[in-house]
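Engineer: Need coordinates for the below:
(4 chains)
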Protein chains: 4
Amino acid sequence: MLSFECDYNTGAHPKILEALMRTNMEPCPGYGNDVYTKMAREKIRAACGRKDADVRFLVGGTQTNRIVIDSMLQNYEGVISATTGHVNAHEAGAIEASGHKVLTVPGYDGKLRADDVEDLISRFYADGSYEHMVFPGMVYISHPTEYGTLYTLGELEEISSVCRRHSIPLFLDGARLGYGLMSRGTDVTLSDIADLCDVFYIGGTKVGALCGEAVVFTHNNAPKHFFTTVKQNGALLAKGRLLGIQFDTLFTDGLYFEISKNAIDRAEELKDLFAQKGYPFFKNSPTNQQFIVLSDEKISELAPLVRFEVWERVDEGHCAVRFATSWATERSDIEALAKIL
Amino acid sequence: MLSFECDYNTGAHPKILEALMRTNMEPCPGYGNDVYTKMAREKIRAACGRKDADVRFLVGGTQTNRIVIDSMLQNYEGVISATTGHVNAHEAGAIEASGHKVLTVPGYDGKLRADDVEDLISRFYADGSYEHMVFPGMVYISHPTEYGTLYTLGELEEISSVCRRHSIPLFLDGARLGYGLMSRGTDVTLSDIADLCDVFYIGGTKVGALCGEAVVFTHNNAPKHFFTTVKQNGALLAKGRLLGIQFDTLFTDGLYFEISKNAIDRAEELKDLFAQKGYPFFKNSPTNQQFIVLSDEKISELAPLVRFEVWERVDEGHCAVRFATSWATERSDIEALAKIL
Amino acid sequence: MLSFECDYNTGAHPKILEALMRTNMEPCPGYGNDVYTKMAREKIRAACGRKDADVRFLVGGTQTNRIVIDSMLQNYEGVISATTGHVNAHEAGAIEASGHKVLTVPGYDGKLRADDVEDLISRFYADGSYEHMVFPGMVYISHPTEYGTLYTLGELEEISSVCRRHSIPLFLDGARLGYGLMSRGTDVTLSDIADLCDVFYIGGTKVGALCGEAVVFTHNNAPKHFFTTVKQNGALLAKGRLLGIQFDTLFTDGLYFEISKNAIDRAEELKDLFAQKGYPFFKNSPTNQQFIVLSDEKISELAPLVRFEVWERVDEGHCAVRFATSWATERSDIEALAKIL
Amino acid sequence: MLSFECDYNTGAHPKILEALMRTNMEPCPGYGNDVYTKMAREKIRAACGRKDADVRFLVGGTQTNRIVIDSMLQNYEGVISATTGHVNAHEAGAIEASGHKVLTVPGYDGKLRADDVEDLISRFYADGSYEHMVFPGMVYISHPTEYGTLYTLGELEEISSVCRRHSIPLFLDGARLGYGLMSRGTDVTLSDIADLCDVFYIGGTKVGALCGEAVVFTHNNAPKHFFTTVKQNGALLAKGRLLGIQFDTLFTDGLYFEISKNAIDRAEELKDLFAQKGYPFFKNSPTNQQFIVLSDEKISELAPLVRFEVWERVDEGHCAVRFATSWATERSDIEALAKIL
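Structural biologist: Numbering: from 1, shown residues only, chains lettered A, B, ... in the order given. Sure, this is the predicted structure:
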C-alpha cells in the first residue's frame, strides 16, 4: 500500500546499510571513540563552516531536546517555546521531568516571533516579584516547525539577536533540518544556523538514518562533562559506531542534502497534484509535510488505498490530513497517488 | 590487531544486517507498532515460557536500568544492589538522577547474598525511625555479574523468596544474559529467570545486536503507561522496527543462544590457554569475560599485539586484565593469541 | 505607616503566641507526634465534618502545593490549572522541578471552568497520539483565587463532578481559605469543600499563623508513606509542635473563622471607602484582597503614607493596585486610610 | 517525666518568644526582606569574622542539606560523606531525590578522614572510565557528628586542604554547631569554620529556636539566584521574620553560645554521673549527646521514669542508649536523674 503517513516509516538509506555492512567486523572502541564517529564530526563541522563547533551524537529527538535543554539551563531556568513546539506538546513532559518549565509564547503556523520573546523576557524582569518565577533561560525553535513551516533568515537573525541581547542560548530543533535546508524558497543555510544558534541538531531519524541526531554546539560551548550527562540520561550507545557510521555516510558527498532534496521534489509534486485537484491546503508548507483539507467521505474513500495521517478536525465534515514525503519517496509513488485521487 | 577488549567492539551478527536490508523499504508504523516488534515479542514470550509476560524494547543497558527501576519504585523507595552492581558503580548516577537511592549490600565476586538482603530489610523495619530513611523497594542483580560470575538456581530461588516475602520486585540485569544461559556449568534457564524475577532484560547490545535490550515484565506487571514513561525519558525510537527486527532475528531458530554459545566456547579455549601457560586467574568466571593476572612487563609486551582491558591493580608489578569473547570471536582468534602468548 | 500591602506582614494572632509561651517548656515528641498536633488534627477533622479525613501539617504554600501534587500524581501525569494559578505562575517552577507539567486552561478572574477541564481531558483521550503527551492527572484550583474571587458551590460541584467522572483528584489550594469561607456572599462551607475535593489545605500563614498549612486528605486517601515524602522534601519539622500548637489554637472556639471574619469586615469597609470616593475596581473581589485602579499620580501621592502593592499596569496613566486586609487589620486602620484618601 | 530523649523536645529559648511577642504587630516585608533578618545576617557575619560571608535562613536541617548540596553541585556530581553522615543515612533519600549520589567513605565515630577523601578522588580520576561514573563534587561533614564527636582543627584543615586542592567545596552541617563550639576540649572556633569551609550552617532547631538554620556561604559564593532555588524547593517562608527574629535574638549578646554552654555543662555532669555509677560509654562524646551502654533490665527499669533514646543493640542483653542535654536542661534534671540511677 502507498504510504505517506510519516517520514520515518522506512528503514535507512541503502548507503547507510552498505556502510554498516562494510565496517561490521572491524573492532572499534565503544562510546563514540571510533574512527567513524570522528570522521562524522569532522565532516559536520566542515559543513557548518565552523571550526569551533563541537559535534555530539544522540539517538532520538525527544532525548536530544531533553538532554540539551537540561544541560544548558540552570535549575531555576525554563525554556521559551511556541505553544505548538514539540517540547511543549508532544514529548510526554520530558522537559518537565528533567525539572524545567516550558515558557510558552504564541505559535504562528508553528513559528514563534522575536517580539514575543523580547516581550516575555522584558516583562519578566520588569515584574517586581520575578525572583518568585521561572527565569527565561533559553529559546527553543524548530526548523522546519511541527507544521512544516520555515523561518526566514531575517526572522532567525531577529530571534538570535534577542537571545544574545539577553545572554541566553538559542536552540534549534532540526529533526527535519535537511528538508528545511533544501526547501525551494528558503534563504537559510546550514552556516547561517551555525552562526545564529548556540546549539542545534541535524536530524537523522527522519532524514534517512535508522536513528540518530547530530547535536552541534556552535562555538566550543558544549556543557562541561556532556559525555557523563549523556550517560546519566541513559543515552550513551555502547556501539557508538552505529551513529558515527550513519552520519559519516550522510555527510559524505552531500548525501544528506541530496536525499533531502528528493523529499522536497516529491513534496512539490504532491502539492501540485492536490492543487490541481482543487483541494484546499490547511497550512502552506514549503517542506516535506503537506497539510490538506479533505472531507470525511474522501478520507474514508482513500483510507484503504493510501496511508496518511488525520491531523485535526477543521469543521463538521472536514479534517486536515498530513501527507509526508521522505528521502525514500519515489516519483512513482506520486503517480500512483495521482491515479487514486 | 587481535581484539578481546570487550563484547561490543564489532557491529551486529550478519543475520541481523541481512534482516535490516531485507525489510528496509517496507513501510512500517513507528514507535514499536510494527509487525517485527510484535513477532519479536511473541518469540521472546515463548522462549520464556510465560504467556503472561509483557515484552518491551529499549536501546541500551543504563537506559533500561534507569527506566525500569524508576517506573517500578515509589518516590520514597530505593533499590538494593551489590556494591559492585552496574547501577551503583558505572552508570554516572542514572538511578539517583531519577530520584532513587541505591541501597548497597556487599558483593561477593559481583553477587549479592539473599541473607544480606533479608538482613537489610529486617533491620530497616526494626529501626524505630525507619520512616526517616529510604524504603527498600526492589532488588537489582546482574546475571552474569560485572565479574562474569553467575548465580546458581538455588541462589536465585533464595533471593526471589526474600523479595516475595517482602513484596518487593526482583529485577535481573541481563546485559550479557545469553552468555550466562550458555555457560557450561549453569543450572539456570531462561524459564527459571522468568519464573523467579518480576522483571529482567535480555541484552542485545553485548550479544550480537547493534543496540537494544528486551525488557520482560514476567507476569502482566508492566508499569501503567510504560510507553509514555519511555517517551518521557527520551528512550522511544521513532523507528521501533530497528529493535523489533533485531530481536526477531535473534529469537528465530535460536540464534541468540547459538551465538552466545560461540562466545562461551571461545572463552573456555581462552581459559585453557591461559591456564596452560600458567597465568593465575583474578576471578573464576564461567562466562565470556575472563580475568587474568599479568605482570606489568607482560602487559607492555602484549599491548601492541592484542587489545584487552586493564581492569585493576593487584599488587606492585601485577594487574588484573580482562579478555572478553563474544558472538564474533573465532577459533582462529584464540589460535592467534596462543601464538602471541 | 499604614500597611495594606499583604496579609502576611504581621506576626501571629496573640492567642497563638500565648499558646506557644504556655507550652514552651513541656517536653514533646518530635515530628508531629506531640499531643497538640493530635488535637489539631482532631479539631480540623471535626470542623470538616468528615471522620475519614486525614490531616497533615506543612510549613508553607508552595511547599504544600509541590508535595501534594507530586505525591498524588504518577510520573507521566500533569496537573490542570488556570493560567493564573499560583502553581503555574508564581512558584518558581516548583511543580516542574518535581517532574510534572502544569496543563493550563484559561482563567476567568482567577477561576477555571469545569467545561474547559472536561474539554481538555476529552480532547486528550480523543487524540490518537495521546500516549506521547502528558496525562491529565489532577485538577488544581485556588479558593479564594489569586484575584480574591470565589467559586460558587455550583461551580465547585461541576468541577468535582468532572474530576470524579475521569477519576482524577481535585485539589483546592486554600492559602486564604478562611477569608473565602467568611466572605459575605459565599454559599460554600468547609464541609462542602471536604465533600467535593480529594485534598485541600487550610492556610495558616496568611490567616494568623507564623507559618503552617493544614493539608486535608478528605477520605483516607493520604498517599502511602506521606511522612517519608515530606521528610525527603525537606519539609518535616523536628519541632512539629510549632504547627500543631498553632492550628490547635486556630481551631479552638472558632478562632480561625473569627479572625477571618475580621479581615472580611475590614475589606468591606475598604471597598465602601474606595467606592464612595469614586475609584473604579479592577476586579470585583468578595474577599480580603481588593483591587482598585489608581492613577499614577495618586499612587505617588499615597506611597509615602500607606503601603499597598502595585499589581499591574492598566493603561498609560493608571495601574491596578492591591489593598489587603487581614486578621490583624483594625477599624482604625480603615479610618486612617479614609483620612488619607 | 524527666526527658533526655533529644535536643528538640522543648519549645524555644524564652528570649526568642519574647522577641516574637515584642515585634508581633510591626508590619514587615515578607520573604526575608525585613529588618530583623538583615540584623541577624549582620550579626552572624560579624560572629564569623568574614565580611564577605553571605548568610541565608532556611527552616530545617534536611531542607538545608538538600538545597545547599543541589545548588552547589552540577548534575553529574555527587557529594562525599561518611557512611554515617545524616545525608546518607537519615534524610529519606533527599539528596538522591534532587538527583545526586552520595559517595561514601568510612565513618570513624561519625567522622570522615581527609586521606579517604583524597583517595576516593584520586582513584576516581585514575580510573580510565571515570566519565561513566559520578564525579566527586563536594565534601559533606557534620560537626558535631551524628555521634556527638568533633573534628580537631588539624583534621578540618586537612579536609579543607584536600577540597581546595581538588577545587570542590567543603560543606559543614552544623545542626548542633553551638554544642560543638562550646565543647570543653575543642580547638575549633566559628572563625576557623568560616575560613576552612565554603558553606556551613549554624543550627537553630536543635539549639534553642522553634525552627531555622542559618546558612553561611563564606566568601560571596552563594549560588546565583539562590532565593529562587529556595522558593522552588518550597523552602521560602512568607513570614521570613520568623527566622530573622530568632537568629537576631540568638546572636545578640552571645545568647547562642551561652545556651550551648549550658547544654555542655549539663552533659559533662551527666557523663560524670554515669561514669561514677560505673556504666560503660558506647562512644566518647564531648558534646551534648551522650551514648551509654545499659543492660536490657536497666532500660526497662528506667523507661517509666526518664525518657531517653535506645540507639542500637550492642550485644545480647545490652543496648547503647542516648541521653541528650540541650539549652533547656537544668542542673535539677541531672540531680533528679542521679536519684533515679
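Engineer: residues from the stretch 101-250 of chain A in reach of chain B?
Structural biologist: Within the stretch 101-250 of chain A, the positions lying close to chain B (C-beta under 8 Å from any C-beta of the partner chain) are A:205-206, A:210-211, A:228-229, A:231-239, A:241-242. Backbone N, C-alpha and C define where each C-beta goes, glycine included.
Engineer: rerun at 6 Å
Structural biologist: Residues of the stretch 101-250 of chain A lying near chain B by C-beta under 6 Å from any C-beta of the partner chain: A:205, A:210-211, A:228, A:231-232, A:234, A:237-239, A:242.
Engineer: If we check chain D, which of the residues you listed are in contact?
Structural biologist: When contact is defined as C-beta under 6 Å from any C-beta, those meet chain D at A:228, A:231.
Engineer: Return the subset of the residues of the stretch 101-250 of chain A next to chain B lying in helices.
Structural biologist: Among those, DSSP state H puts A:228, A:231-232, A:242 in helices.
Engineer: which one of those residues sits closest to chain D?
Structural biologist: A:T228 (4.3 Å; C-beta to the nearest C-beta).
Engineer: mind listing what that closest one touches?
Structural biologist: Taking C-beta atoms under 6 Å, 6 or more residues apart in numbering or on different chains, we find A:T228 in contact with B:92, D:76, D:131.
Engineer: Quick one: these as a markdown table, columns for distance to B:G180 and secondary structure too.
Structural biologist: Below are these laid out as a markdown table (distance: C-beta to C-beta, whole Å; DSSP: H, G, I helix; E, B strand; the rest coil):
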| residue | distance to B:G180 | secondary structure |
| --- | --- | --- |
| B:A92 | 25 | coil |
| D:Y76 | 31 | coil |
| D:E131 | 28 | helix |
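Engineer: could you dump these to CSV with distance to B:Y8 and pLDDT?
Structural biologist: Shown next, in CSV, are those (distance: C-beta to C-beta, whole Å; pLDDT from 0 to 100):
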residue, distance to B:Y8, pLDDT
B:A92, 17, 97
D:Y76, 23, 98
D:E131, 17, 97
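Engineer: a strand runs through A:W327, doesn't it?
Structural biologist: No: using DSSP: H, G, I helix; E, B strand; the rest coil, the assignment for A:W327 is coil, not a strand.
Engineer: Could you pull up the residues touching it?
Structural biologist: By C-beta under 6 Å, 6+ apart, the contact list for A:W327 reads A:13, A:208, A:259, A:262-263.
Engineer: of the contacts of A:T228, list those near chain C.
Structural biologist: Answer for those near chain C: none qualify (C-beta under 6 Å from any C-beta).
Engineer: Let me know the closest of those residues to chain C.
Structural biologist: Taking the contacts of A:T228 together and measuring to chain C by C-beta to the nearest C-beta, the closest member is D:Y76, at 18.2 Å.
Engineer: Excluding chain neighbours, what is closest to the closest one?
Structural biologist: Once flanking residues are discounted, D:Y76 sits nearest to A:T228: 4.3 Å by C-beta to C-beta, 6 or more residues apart in numbering or on different chains.
Engineer: Can you point out the buried residues in the longest helix belonging to chain A?
Structural biologist: The residue-count maximum for a helix in chain A (DSSP H) belongs to helix A:255-276. Across helix A:255-276, burial judged by 16 or more other C-beta atoms under 10 Å in any protein chain shown covers A:255-257, A:259-271, A:273-274.
Engineer: count of neighbours near A:F226?
Structural biologist: Residues contacting A:F226 under the criterion other C-beta atoms under 10 Å in any protein chain shown number 19.
Engineer: Check A:R322 too.
Structural biologist: When neighbours are defined as other C-beta under 10 Å, A:R322 has 21 of them.
Engineer: State whether it is indeed within a helix.
Structural biologist: No: per three-state DSSP, A:R322 lies outside any helix segment and is strand.
Engineer: Hmm, it is touching A:V310, no?
Structural biologist: No: using C-beta atoms under 6 Å, A:R322 is not in contact with A:V310; the gap is 8.0 Å.
Engineer: List the first helix or strand encountered after the longest helix of chain A toward the C-terminus.
Structural biologist: The first helix or strand that comes after helix A:255-276 along the chain, using DSSP states H and E, is strand A:289-295.
Engineer: if we can go back for a sec, would you list the contacts of A:T228 in a markdown table and tack on neighbour count?
Structural biologist: Below are the contacts of A:T228 laid out as a markdown table (neighbours: other C-beta atoms under 10 Å in any protein chain shown):
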| residue | neighbour count |
| --- | --- |
| B:A92 | 28 |
| D:Y76 | 27 |
| D:E131 | 17 |
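Engineer: For those, please prepare JSON lines with the additional fields distance to C:G110.
Structural biologist: Listed next are these as JSON lines, based on distance: C-beta to C-beta, whole Å:
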{"residue": "B:A92", "distance to C:G110": "44"}
{"residue": "D:Y76", "distance to C:G110": "41"}
{"residue": "D:E131", "distance to C:G110": "49"}
